[in-house]
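Chemist: fold the following for me, if possible:
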Amino acid sequence: MGIDISEAFLEDAREKAREHGVSTAVRFFEGDVRNLGQVIGRVPQPFDVVVSAWTSIGYYSQDDDLNIFRQARELAREGAILFVAETMHSEFLSLKFAPNSCMELDDIILMENRKYDPTTSQISTTWTFYRKRGMDLEFIDTAEFELHIYSSSELCSLLRKASWEPVASYTSLKTLQPINPLGHMNVVAKAQ
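Modeler: Model (predicted):
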């Protein structure tokens, strides 16, 4: 089961599910994860695993994030595993903050401008999208958002309040390299 507020991201997930031959084994729901139970409805059986990927949290208040994790816990069985996977953490930004970046995908250019306030762990971002037209760029649109970037200890404290007990933190789930300030944060927690 996958949930996202963006239909474009869901369509990408559906395409990847088709590519990997698992499209009949997964269901995707468009909706706001803050209303998790409402979005997915009644679950036939409790979840064994819950994954919160990249920056799925931090867009709203810490109370909203706590509520998201509480709802996930209510839908998970005792002993279920939660992965907060490949997310940014404030320790990383304190050392490797980059105020600007540019990414190219086919004929689309994304320019990202960021401001980070380490006293509040808030990052303000403006994404500006352009379409390549020969040697020119044609403006498409901008999107602005703010995001709270959790520290490792802050996230683990939030998970405990939601009845998830953190059991490990890694920079990489693939290599199980322990968390460090120069890489992403991956937290593994168990339902209590």
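Chemist: make it CA atoms for all contacts and neighbour counts henceforth
Modeler: OK.
Chemist: pLDDT-wise, which helix or strand of the protein ranks last?
Modeler: None of the helices or strands of the chain scores lower by mean pLDDT, DSSP states H and E than helix 90-96, at a mean of 82.
Chemist: give me the distance from it to the chain's centre.
Modeler: Counting by C-alpha atoms, centre = their mean, to the nearest Å, helix 90-96 is centred 17 Å from the centre of its parent chain.
Chemist: ok, and what's touching that helix?
Modeler: Here helix 90-96 makes contact (C-alpha atoms under 8 Å, 6 or more residues apart in numbering) with P118, S121, I149, Y150, S151, S152, P181, L182, G183, H184.
Chemist: cutoff 10 Å now
Modeler: By C-alpha atoms under 10 Å, 6 or more residues apart in numbering, the list of residues contacting helix 90-96 from outside reads 97, 116-118, 120-123, 148-152, 154, 180-185.
Chemist: same question, stretch 18-33
Modeler: Everything outside stretch 18-33 that qualifies as a contact, by C-alpha under 10 Å, 6+ apart, is 1-17, 36, 38-40, 56-57, 64-65, 67-69, 71-72.
Chemist: need the contact partners of stretch 1-10.
Modeler: With C-alpha under 10 Å, 6+ apart, stretch 1-10 has contacts from 13-16, 25-33, 36, 39-40, 47, 50-52, 56.
Chemist: try 7 Å
Modeler: V26, R27, F28, F29, E30, G31, D32, V33 (C-alpha atoms under 7 Å, 6 or more residues apart in numbering).
Chemist: how about the first one, phi and psi?
Modeler: Geometry field for V26 lists phi and psi as phi -130, psi 150, criterion degrees, to the nearest 10.
Chemist: just the pLDDT for it.
Modeler: Here, the pLDDT recorded for V26 equals 88.
Chemist: how about the last one?
Modeler: Each residue has a pLDDT score; the one for V33 is 88.
Chemist: what residues of the helix or strand where L110 lies count as buried?
Modeler: According to DSSP states H and E, L110 maps onto strand 108-117. Neighbour-count burial for strand 108-117 flags I108, I109, L110, M111, E112, N113, R114, Y116 (criterion: 16 or more other C-alpha atoms under 10 Å).
Chemist: of these, which pair is most distant in space?
Modeler: Farthest apart among these by C-alpha to C-alpha are I108 and Y116. That separation is 25.5 Å.
Chemist: one step back: which of the contacts of helix 90-96 count as buried?
Modeler: Here, 16+ other C-alpha under 10 Å leaves 116, 121-123, 148-152, 180-181, 183-185 buried among these.
Chemist: what about K190, how many neighbours?
Modeler: 23 (other C-alpha atoms under 10 Å).
Chemist: A168 is in contact with that one, correct?
Modeler: No. Counting by C-alpha atoms under 7 Å, K190 does not reach A168; the two are 9.7 Å apart.
Chemist: now, the contacts of stretch 18-33 that are in helices?
Modeler: Of the contacts of stretch 18-33, the ones assigned to helices by DSSP state H are 7-17, 36, 38-40, 64-65, 67-69, 71-72.
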